[in-house]
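In: only geometry, no sequence info:
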């Protein structure tokens, strides 16, 4: 009897597990957003660098309101809501780090690594905090603020710089226009960071 009960019980458990994973019976946001880089390194290109000449771009830290896949909307100095029916495909800090890496690799001759790729010393390191990555409802703008920190190879010097870009949303605060405005703003910050780093 136990054997005959086990199969239907296992099927029920699997059904519940799958429904939680793929959204059966749950609410999946209509818009899953990502960041597309305006520049990317050409396929098949090879670069060589001495160990200390590499650049490792780390995933930035972020305040609590950004440690989610939802997009924050700053209503006033003390109130935050989120864009309805919109969600990033993964944490915005990771998306931003990948965008900056692609931009730096495309616009410079540097060998760019992320924190999971270096095997010994990471050379120079670009770290920092993604301070704003959302919507300012007071001005109807997408806002990206990145406090960058460049650590020299060996950690002997540290240089900081703050980057901020605002892009008009040009309509209602909805998933598609917000995602497009944030992508434009993030790309502009990535270009500014690249110029600061130099070739």
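Out: Nice, I can see it. What you see is a predicted model; the values in this text were computed from it and never measured.
In: From here on, just use CA atoms for contacts and neighbour counts.
Out: OK.
In: Could you list the low-pLDDT ranges of the protein?
Out: 1-29, 40-53, 117-122, 199 (pLDDT under 70).
In: now the residue nearest to the spatial centre of it, nearest residue through space, not along the chain?
Out: In the chain, the centroid-proximal residue (Cα atoms, centre = their mean) is residue 95; its distance is 2.3 Å. Using Cα to Cα, 6 or more residues apart in numbering and skipping the chain neighbours, the partner closest in space to residue 95 is residue 35 (6.4 Å).
In: Just confirm that neighbour contacts residue 93, I think it does.
Out: No: the criterion here is Cα atoms under 8 Å, and residue 35 misses it with residue 93 at 11.0 Å.
In: neighbour count winner among those two?
Out: residue 93 (22 against 19; other Cα atoms under 10 Å).
In: So the more buried one: helix, strand or coil?
Out: Judged by DSSP: H, G, I helix; E, B strand; the rest coil, the three-state class of residue 93 is helix.
In: Number of residues surrounding residue 139?
Out: Around residue 139 there are 14 residues (other Cα under 10 Å).
In: Likewise for residue 82?
Out: With other Cα under 10 Å as criterion, residue 82 counts 17.
In: same check, this time on residue 158
Out: Using other Cα under 10 Å as the criterion, the residues surrounding residue 158 number 13.
In: OK, contacts around it?
Out: Listed by Cα atoms under 8 Å, 6 or more residues apart in numbering, the contact partners of residue 158 are 149-152.
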